[in-house]
Structures are given as structure tokens and as C-alpha cells.
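J.: Model the following, please.
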Amino acid sequence: MDDQYHLLGLGPAASVISAMELSFPGYQVLVMALYDPLLRMPYQILFSKCRDVRLTHTGDAPQVASESPLIGILLGQRSHQSPAVITTDDFELSILYHDFVLLK
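T.: Numbering: from 1, shown residues only. Here you go, the predicted model:
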């Protein structure tokens, strides 16, 4: 995967995914994360008008941990052209979306 983490403008420190929310109507996905697990600076990525959301478990344990280290992120293309893919130690999240916004 061609990692695009640097495009988020957070800097070189690692992130962990701390939670996700899926909402209807409008089919939005909110990914909550912490930049630099030691300083624990929160940020969110909100994907809107999603058409397809897939969560695939990749870890050894049968359930997702409360925080999962971010391995990589591919932002895809807006307007449902190609999915964003968020990969962690525990899961991979694929989202075909219309637009996204980073909230710091």
C-alpha cells in the first residue's frame, strides 16, 4: 500500500485508531484517532456520503482492541472513485466515499 499518512499534515509521529462511528442517514463514517500515542493529541477523519464500508478483521484476537496502531492509510479518491483504506494491527477499513474532512 502506498501510505499517504503524510498528506494528513500531522507530522512524523505514529497514530492509533481509538474508535469508529457509522451513522445514518447520510451514511457517514467517523474515525477517531490519537496522533503521537505518548502526547495523545486527538484528531478525527469524517467520511461523508459513503456508499460502501467494509471492515475486515486482520489481528489474531477475535475482537478489535480499544486502540489499534495505525499501519497505513490510503486516502483513495473522492466522489466514489476509489476507496480510502485504513490499515491497523487489528483491522482494515475500506470506505468508498464522496468527501472527507480532517478535524484536528
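J.: who's the nearest residue to residue 78 once chain neighbours are set aside bridged to?
T.: In space, not counting the residues next to it along the chain, residue 78 is nearest to residue 99; the distance is 5.5 Å by CB to CB, 6 or more residues apart in numbering. Where C-beta positions appear, they are placed from N, C-alpha and C, glycine not excepted. In this structure, residue 99 has the following beta-bridge partners (DSSP bridges): residue 48.
J.: Let me see the confidence value for residue 90.
T.: The predicted local distance difference test score for residue 90 is 89.
J.: burial of it, as a residue count?
T.: The local packing count at residue 90 equals 18, with neighbours defined by other CB atoms under 10 Å.
J.: That one reaches residue 67, doesn't it?
T.: No: the pair residue 90 and residue 67 does not pass the contact test of CB atoms under 8 Å, sitting 9.4 Å apart.
J.: what does stretch 38-54 rub up against?
T.: Applying CB atoms under 8 Å, 6 or more residues apart in numbering, the external contacts of stretch 38-54 come out as 8, 10, 13, 15, 18, 22, 26-35, 80, 83-84, 93-104.
J.: Mind doing that once more with 6 Å?
T.: Contacting residues not belonging to stretch 38-54 are listed as 27-35, 80, 94-104 [CB atoms under 6 Å, 6 or more residues apart in numbering].
J.: Let's test this: mean pLDDT of that stretch, rounded?
T.: Per-residue pLDDT over stretch 38-54 has a mean of 93.
J.: For that stretch, C-alpha coordinates in CSV please.
T.: Once non-C-alpha atoms are left out, stretch 38-54 reads as follows in CSV (Å, rounded to 0.1, in the frame of the first residue of the first chain):
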residue,chain,number,x,y,z
LEU,A,38,2.6,9.5,24.1
LEU,A,39,1.2,13.0,23.8
ARG,A,40,-2.3,11.7,22.8
MET,A,41,-3.3,14.6,20.6
PRO,A,42,-6.8,13.7,19.2
TYR,A,43,-8.0,14.1,15.6
GLN,A,44,-10.8,12.8,13.5
ILE,A,45,-11.4,11.9,9.9
LEU,A,46,-15.1,12.2,8.8
PHE,A,47,-16.1,10.5,5.6
SER,A,48,-19.4,11.6,4.1
LYS,A,49,-22.0,10.1,1.7
CYS,A,50,-20.3,6.7,1.9
ARG,A,51,-21.6,4.0,-0.5
ASP,A,52,-19.6,1.0,0.7
VAL,A,53,-17.9,0.4,4.1
ARG,A,54,-16.0,-2.8,4.7
